[in-house]
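Enquirer: Here is my input; please provide its structure:
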Amino acid sequence: QVQLVESGGGLVQPGGSLRLSCAASGFTFNYYGIGWFRQAPGKEREGVSWIRPSGGSTYSANSVKGRFTISRDNAKNTVYLQMNSLQPEDTAVYYCAARIGGRLFRLPKSAEVNYWGQGTQVTVSS
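Expert: Predicted coordinates for the structure are as follows:
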């Protein structure tokens, strides 16, 4: 049974930081690209950050470049998203996502994802 379990969301003030984690099970983790999407109320789900199976390359949305860092630990089947300098526009539900194979050299589209987590709420507000 495939599972992607996110943790680390919460309420933070503007300029603050959070670290999201996603623990994966039920599939061969190092065969999959993995990353984060987010969805704000009334908006479409959008790709945030993505890391290739080996961890050698990462891709991020322009809106988070320089602020968010994605990493993975294949020994722990876990992916992380370090979010710094958070702003109110970062408020959303953040979803962990996985896609098999290493032929994708960009952020995936939602339809290209094989597995999704349940999501974790991130709220940036004073």
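
Enquirer: now the end-to-end length of stretch 3-16.
Expert: 29 Å (Cα to Cα, to the nearest Å).

Enquirer: can you list contacts of that stretch?
Expert: 18-26, 85-88, 94-98, 115-126 (Cβ atoms under 8 Å, 6 or more residues apart in numbering). In this view, the C-beta of every residue, glycine as well, is placed from N, C-alpha and C.

Enquirer: any weak-confidence spans in this protein?
Expert: Within the chain, no range satisfies pLDDT under 70.

Enquirer: what's across from the residue nearest the centre of it in the sheet?
Expert: Nearest to the mean C-alpha position of the chain, by Cα atoms, centre = their mean, lies residue 36 at 1.9 Å. Residues in a beta bridge with residue 36, per DSSP bridges, are residue 49, residue 96.

Enquirer: for it, what are its contacts?
Expert: Residue 36 touches 20, 22, 47-50, 70, 79, 81, 94-97, counting by Cβ under 8 Å, 6+ apart.

Enquirer: hmm, try it at 10 Å
Expert: 6, 20, 22, 46-51, 60-61, 64, 68, 70, 79-81, 83, 94-97, 107, 117, 120 (Cβ atoms under 10 Å, 6 or more residues apart in numbering).

Enquirer: before we move on, the earlier item: just the buried residues of the contacts of stretch 3-16.
Expert: By neighbour count, with 16 or more other Cβ atoms under 10 Å, the contacts of stretch 3-16 hold 18, 20-24, 86, 94-98, 115, 117, 119-120, 122, 124 as buried.
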